[in-house]
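# Here's my sequence, what's the structure:
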Amino acid sequence: MRALSPLALTMFCACLIAFAPSCSFLRALSNPAETKKKAVHVTAGHAQKVVDDTAVPAQKAVDDTAATDQKTIDDTARQAQAEIAGGEYKRALELYSSAYEINHTPEMRANYIATGEQLRKTADQAYQRKDFAAAGTIYNALIESGITKRDFASSLSFDDDYLNGQVHACSKTLLEAGLTTYRDGKLEDAISIWKKAQLFDRDNKDIKSAIETTTTQLQNLKRIK
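Below is the predicted model:
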């Protein structure tokens with residue numbers, strides 16, 4: 001076979017370079033399944049990357065929300081117990097009421113219920129030791145907090161009927177104690193007793209009348225002296 005001249009060899013190489021892409025294209029046409037397989041692989045890889053890139057911030061958002069919820073639960077529990085320790089029962093219930101409006105997690109609900117039960121028990125103990133002023137104040141705080149109107153009210157061991165009954169019992173006992181003190185001639189002490197009852201039973205007309213009448217009598221006695 002005759003050797004190609006340098007010029008012919010150069011032209012032959014140039015043709016190979018020029019037609020190489022066409023050959024690749026022809027191979028793709030001759031094997032479409034392989035081409036499709038590669039395209040699917042590339043598309044799937046891209047889709048998975050999109051999923052992965054989306055999942056990371058989504059999971060972070062979930063984790064951040066959970067952390068925020070837990071902080072709210074812990075802060076509310078700590079602050080509420082501090083208020084109860086200081087005798088601020090109404091404030092403790094207000095903290096839970098506000099927190100529960102924006103955080104309905106099971107743990108928040110459980111803590112709210114537990115706090116209500118804790119205060120009911122504290123009130124009952126005060127009632128049993130005849131500290132009717134303290135007991136009435138706590139019973140009334142539970143009523144005014146609206147805890148018995150919450151979606152978990154059926155889980156509580158008390159309701160409005162029980163609380164109102166206890167408030168009435170405390171108020172009545174203090175009214176009678178004030179009357180006894182009044183009959184002993186201790187007008188100022190009687191007024192002091194009635195005012196304790198008035199703190200949690202503001203609409204009691206008998207207590208209001210007793211305070212007003214005795215206060216007038218006390219002022220008249222002071223004028224005479």
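# quick one: buried residues of stretch 213-223?
Within stretch 213-223, the residues scored as buried using 16 or more other C-beta atoms under 10 Å are residue 214. In this view, the C-beta of every residue, glycine as well, is placed from N, C-alpha and C.
# no wait, stretch 147-155
Under the neighbour-count criterion of 16+ other C-beta under 10 Å, stretch 147-155 has 147, 148, 150 buried.
# again, but for stretch 93-106
Within stretch 93-106, the residues that count as buried by 16+ other C-beta under 10 Å are 93, 94, 95, 96, 99, 100, 103.
# who's in contact with residue 119?
With C-beta atoms under 8 Å, 6 or more residues apart in numbering as the criterion, the residues that contact residue 119 are 84, 89, 92, 93, 138, 141, 142.
# which one of those has the most neighbours?
With neighbours defined as other C-beta atoms under 10 Å, the most crowded of these is residue 138; it has 28 neighbours.
# Which element is encountered next along the chain beyond the host helix or strand of it?
With the criterion set as DSSP states H and E, the secondary-structure element containing residue 138 is helix 132-145. Moving toward the C-terminus from helix 132-145, the first helix or strand encountered (DSSP H and E) is helix 160-183.
# buried set for whichever helix or strand comes after that next one?
Secondary structure here is assigned by DSSP H and E; on that basis, the next helix or strand after helix 160-183 toward the C-terminus is helix 187-198. Buried residues in helix 187-198, counted by 16+ other C-beta under 10 Å: 187, 190, 191, 193, 194, 196, 197, 198.
# Please look at the first one and residue 219 and confirm they touch.
No. Counting by C-beta atoms under 8 Å, residue 187 does not reach residue 219; the two are 10.0 Å apart.
# Just give me the closest of the buried residues of stretch 93-106 to residue 155.
Sorting the buried residues of stretch 93-106 by how near they are to residue 155, with C-beta to C-beta, puts residue 100 at the top with 13.4 Å.
# Chain neighbours aside, what residue packs nearest to the closest one?
Using C-beta to C-beta, 6 or more residues apart in numbering and skipping the chain neighbours, the partner closest in space to residue 100 is residue 112 (5.6 Å).
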